[in-house]
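A.B. asks: A structural model of the following input is requested.
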Amino acid sequence: MLIEFSVGNYRSFKEKATFSMVAANIVAKDKKLDDNNVFAVDNNLKLLKSAAIYGANASGKSNLAKALSFMKWFMINSSKETQSTEEINVERFRLSTETENEPSFFEIVFLMEGKSYR
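C.D. replies: Presented below is the predicted three-dimensional model:
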């Protein structure tokens, strides 16, 4: 289960941005909303079962999806299609000279069989 995904210096993301599935510490007026979309992993962690990404045109929604897709592709194929000495073909943030030679950042935190991995 996805807990959070972070990306930085990739396409339209200059700074690190994080998509989190951690439920906020608030309660809905209609209790059914919480029961249907929030589940407790333990006493300290509650996760959302679903989430929506919305925003204005050109606000980064598609680039977040592309970042997730790139990370998935890289995790599956990096050992098969690339060598350790090869440069990774990733599209960095282009609107700043301070990031053009900096590495891109991808991080995923997930839960599997009761353990959290990063």
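A.B. asks: pLDDT below threshold where in the chain?
C.D. replies: Residue ranges of the chain with pLDDT under 70: 81-84.
A.B. asks: quick one: the helices in it?
C.D. replies: When assigned using DSSP state H, the helices of the chain occupy the ranges 31-37, 61-81.
A.B. asks: nearest to residue 110, out of the ones you listed?
C.D. replies: Closest approach to residue 110 among the helices of the chain (Cβ to Cβ): helix 61-81, 11.4 Å. For the C-beta atoms, the positions are set from N, CA and C on the backbone; glycine is no exception.
A.B. asks: and the contacts of that closest one?
C.D. replies: Identification of contacts with helix 61-81 by Cβ atoms under 8 Å, 6 or more residues apart in numbering yields 5, 7, 10-13, 17, 19, 53-55, 88, 90, 106, 108.
A.B. asks: what's the neighbour count on residue 67?
C.D. replies: 26 (other Cβ atoms under 10 Å).
A.B. asks: hmm, residue 109 is touching residue 118, no?
C.D. replies: Yes - Residue 109 is in contact with residue 118 according to Cβ atoms under 8 Å; the separation is 4.8 Å.
A.B. asks: these two: which is more packed in?
C.D. replies: residue 109 (16 against 9).
A.B. asks: distance of the more buried one relative to residue 44?
C.D. replies: 14 Å (Cβ to Cβ, to the nearest Å).
A.B. asks: likewise residue 58?
C.D. replies: In terms of Cβ to Cβ, residue 58 sits 37 Å off from residue 44.
A.B. asks: neighbour count: those two, which is higher?
C.D. replies: residue 58 (9 against 6).
A.B. asks: quick one, what contacts that one?
C.D. replies: Contacts of residue 58 (Cβ under 8 Å, 6+ apart): residue 12.
A.B. asks: quick one: the strands in this protein?
C.D. replies: With strands called from DSSP state E, the chain shows them at 2-8, 17-20, 38-40, 46-48, 105-112, 115-117.
A.B. asks: now tabulate those strands in CSV and tack on distance to residue 32.
C.D. replies: What follows is the strands of the chain, written out as CSV (distance: least, Cβ to Cβ, whole Å):
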stretch, distance to residue 32
strand 2-8, 23
strand 17-20, 23
strand 38-40, 11
strand 46-48, 15
strand 105-112, 24
strand 115-117, 28
